[in-house]
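**Q** What follows is a predicted protein model with its sequence.
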Amino acid sequence: DAGITQSPRHKVTETGTPVTLRCHQTENHRYMYWYRQDPGHGLRLIHYSYGVKDTDKGEVSDGYSVSRSKTEDFLLTLESATSSQTSVYFCAISGGAYTDTQYFGPGTRLTVL
Amino acid sequence: AQSVTQLGSHVSVSEGALVLLRCNYSSSVPPYLFWYVQYPNQGLQLLLKYTTGATLVKGINGFEAEFKKSETSFHLTKPSAHMSDAAEYFCAVSEKQGAQKLVFGQGTRLTINP
């Protein structure tokens, strides 16, 4: 299994509070991604990174920001959480010998009350 | 823009029966196609992928899929279902390797009846 960890694994927060989710990899892969998973929608790309300090938007980026100051860490921030951001968030990485394949972390379940 | 449609949000088969999960895609360029499996409360695990070359691809756990360009399909099959195959399955498409923007279908939940 790819060395990907996500923290926290579960979080409950209130509307309007800031939230930061962390993705950490030990594979030294170049590319990192954040997805959200909602029933009936599969997974949708929020943001991705193609190198340190290089990021770009995905399909559902509104209300989210990201940062990547080190190869191994990719942070997802909800500046002011809303109930519509209640979801399961997955980090993925790709690179190395198989840049065409993404490997997924275990996920973070976020509930915004 | 790319898109993926998985026909059937729930599929139920008997143990030992054929498993067929359908996936149709839309892409303006030659696609890269993937099937992932998700067990309860876990992340996604790659089952198989098609990038170039042979259109029939074999994956883990006895699954295989065939890329049919004329039908824009990438259906997933397994000859004989096992109880351990119960999970959610996602088909996904991307345009390229490197910084991929994977587009997923909505998922198909597979139930295996004893």
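**A** Received the coordinates, thanks.
**Q** got any ranges where the chain has weak pLDDT?
**A** Picking chain A for this. A:1-2 (pLDDT under 70).
**Q** switch to chain B, that's the one I care about
**A** B:97-98.
**Q** For A:Ser94, give me its contacts.
**A** By C-beta atoms under 8 Å, 6 or more residues apart in numbering or on different chains, the contact list for A:Ser94 reads A:His29, A:Arg30, A:Tyr31, A:Tyr33, A:Asp100, A:Thr101, A:Gln102, A:Tyr103, B:Gln97, B:Gly98, B:Gln100. Backbone N, C-alpha and C define where each C-beta goes, glycine included.
**Q** in which helix or strand would I find it?
**A** strand A:87-95 (DSSP states H and E).
**Q** which of the residues in that strand are buried?
**A** Across strand A:87-95, burial judged by 16 or more other C-beta atoms under 10 Å in any protein chain shown covers A:Ser87, A:Val88, A:Tyr89, A:Phe90, A:Cys91, A:Ala92, A:Ile93, A:Ser94, A:Gly95.
**Q** what does stretch A:7-15 give?
**A** Buried residues in stretch A:7-15, counted by 16+ other C-beta under 10 Å: A:Lys11, A:Thr13.
**Q** same check, this time on stretch B:48-57
**A** In stretch B:48-57, counting by 16+ other C-beta under 10 Å, buried: B:Leu48, B:Lys49, B:Tyr50, B:Thr51, B:Val57.
**Q** what's the first-to-last distance across it?
**A** 7 Å (C-alpha to C-alpha, to the nearest Å).
**Q** hmm, back to that, if any of the contacts of A:Ser94 are buried, give me the PyMOL selection for them.
**A** Under the burial definition 16+ other C-beta under 10 Å, those of the contacts of A:Ser94 that qualify are selected in PyMOL by:
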select buried, (chain A and resi 29+30+31+33+100+101+102+103) or (chain B and resi 100)
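**Q** Mind picking the two most distant members of the contacts of A:Ser94?
**A** A:Tyr103 and B:Gly98 (14.8 Å; C-beta to C-beta).
**Q** Now do the residue nearest to A:Thr86 when sequence neighbours are not counted: how many residues are near it, please.
**A** Excluding its sequence neighbours, the residue lying closest to A:Thr86 (C-beta to C-beta, 6 or more residues apart in numbering or on different chains) is A:Val112, at 4.9 Å. Residues near A:Val112, counting by other C-beta atoms under 10 Å in any protein chain shown, number 19.
**Q** What's opposite A:Val112 in the beta bridge?
**A** Beta-bridge pairing of A:Val112 under DSSP bridges involves A:Thr13.
**Q** Kindly report the residues of chain B close to chain A.
**A** B:4, B:9, B:32, B:34, B:36, B:42-46, B:49, B:51, B:90, B:92, B:94, B:96-107 (C-beta under 8 Å from any C-beta of the partner chain).
**Q** go with 7 Å
**A** Listed as neighbours of chain A in chain B under the rule C-beta under 7 Å from any C-beta of the partner chain: B:32, B:42-44, B:46, B:49, B:51, B:90, B:97-102, B:104-107.
**Q** Please produce a ChimeraX select command covering the buried subset of those residues.
**A** Of the residues of chain B next to chain A, the buried ones can be selected in ChimeraX as follows, counting by 16+ other C-beta under 10 Å:
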select /B:32,43,44,46,49,51,90,99,100,101,102,104,105,106,107
